[in-house]
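Novice: Prediction below, plus the sequence it came from.
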Amino acid sequence: MSKTAELQAAIRDVADFPKPGIIFKDITPILSDGKLFRQAIDLLCETAGDRKIDKVVGIDARGFIFAAAVADRLGAGFIPVRKKGKLPWKTHQAAYSLEYGEAVIELHEDAIKPGETVLLVDDLLATGGTAAAAVSLLEKLDADLVGISFLIELTFLHGRDNLSQHPIHSILSY
Ligand SMILES: O=P(O)(O)OC[C@H]1O[C@H](OP(=O)(O)OP(=O)(O)O)[C@H](O)[C@@H]1O
Ligand SMILES: Nc1ncnc2[nH]cnc12
């Protein structure tokens with residue numbers, strides 16, 4: 001089996017979570033398997049290509065798991081985009097809708113210097129609402145967004161259309 005097929009086989013579909021009608025992609029079987037977790041990080045790191053990445057940005061909460069590991073591997077800093085009310089310093093905020101709700105995310109105003117190269121990493125692209133909100137925060141800091149990388153993309157929700165001005169990579173597609 002290929003690396004991606006092994007990862008895909010491990011993902012568990014949970015019907016009607018967290019709301020009726022949603023089929024939730026449960027990544028915990030990947031996280032709990034040392035070989036699969038490393039494969040996922042390997043493949044996400046490859047999406048950076050040859051670019052030197054200054055900062056890897058991860059989105060609260062599942063995004064942190066992958067983004068922090070990618071940052072360590074690339075020798076980059078890690079920057080958290082957090083749900084509202086969790087970051088202690090001055091922040092920029094963005095409200096957004098996602099597949100099963102709405103929320104507000106925040107980024108520290110001084111998290112990234114203008115022109116620093118950034119790779120945005122999250123576990124899953126659904127409608128793209130979350131990632132688009134994160135991109136709007138990075139634009140406020142004049143970050144050089146090199147790419148947006150996801151472990152999973154739900155292509156039938158067309159989230160890419162919300163992010164079309166940046167290179168998008170996904171490892172597994174549904
Ligand atoms: O493309 P979208 O429709 O915006 O959905 C994708 C987002 O939804 C999930 O986050 P969630 O808000 O459930 O947070 P969690 O990581 O804390 O579970 C997932 O981790 C993405 O960030
Ligand atoms: N279907 C889904 N499964 C897991 N995480 C998600 N985030 C948004 N939609 C999701």
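Specialist: Alright, I've got the coordinates. Numbers count the residues shown, from 1 in each chain. Ligands and ions are numbered 1, 2, ... in the order given.

Novice: In this structure, mark out all the strands, start to finish.
Specialist: Secondary structure of the chain (DSSP state E): strands at 12-15, 23-26, 55-59, 77-83, 91-98, 101-108, 117-125, 144-153, 168-173.

Novice: who does the last one pair up with?
Specialist: Strand partners for strand 168-173, identified by DSSP bridges, are recorded as strand 144-153 (parallel).

Novice: Using the neighbour-count criterion, name the buried positions in the partner strand.
Specialist: Neighbour-count burial for strand 144-153 flags 145-153 (criterion: 16 or more other CB atoms under 10 Å). Using the backbone N, CA and C atoms, a C-beta is placed for each residue, glycine as well.

Novice: same question, stretch 107-127
Specialist: In terms of neighbour count (16+ other CB under 10 Å), stretch 107-127 has its buried residues at 107-108, 111-112, 116-127.

Novice: Kindly identify which of these also come near ligand 1.
Specialist: Filtering those for neighbours of ligand 1 using CB under 6 Å from any ligand atom leaves 122-127.

Novice: Could you work out the most separated pair of those residues?
Specialist: The most widely separated members of these, counting by CB to CB, are 123 and 127 (14.4 Å).

Novice: tell me the centre residue of the protein?
Specialist: For the chain, the residue nearest the mean C-alpha position is residue 122 (1.2 Å; CA atoms, centre = their mean).

Novice: Quick one: residues contacting that one.
Specialist: Neighbour list for residue 122: 58-59, 62-63, 66-67, 130-131, 134, 148-150 [criterion: CB atoms under 8 Å, 6 or more residues apart in numbering].

Novice: Just the buried subset of those residues, please.
Specialist: Buried members of the contacts of residue 122, scored by 16+ other CB under 10 Å, are 58-59, 62-63, 66-67, 130-131, 134, 148-150.

Novice: got a markdown table for these, with pLDDT too?
Specialist: Output for the buried ones among the contacts of residue 122, formatted as a markdown table (pLDDT from 0 to 100):
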| residue | pLDDT |
| --- | --- |
| 58 | 98 |
| 59 | 98 |
| 62 | 98 |
| 63 | 98 |
| 66 | 98 |
| 67 | 98 |
| 130 | 98 |
| 131 | 98 |
| 134 | 98 |
| 148 | 98 |
| 149 | 98 |
| 150 | 98 |
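
Novice: before we move on, back to that, can I get the strands of the chain in JSON lines including distance to residue 36?
Specialist: Compiled in JSON lines, the strands of the chain are given as follows (distance: least, CB to CB, whole Å):
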{"stretch": "strand 12-15", "distance to residue 36": "12"}
{"stretch": "strand 23-26", "distance to residue 36": "13"}
{"stretch": "strand 55-59", "distance to residue 36": "19"}
{"stretch": "strand 77-83", "distance to residue 36": "22"}
{"stretch": "strand 91-98", "distance to residue 36": "25"}
{"stretch": "strand 101-108", "distance to residue 36": "28"}
{"stretch": "strand 117-125", "distance to residue 36": "14"}
{"stretch": "strand 144-153", "distance to residue 36": "11"}
{"stretch": "strand 168-173", "distance to residue 36": "12"}
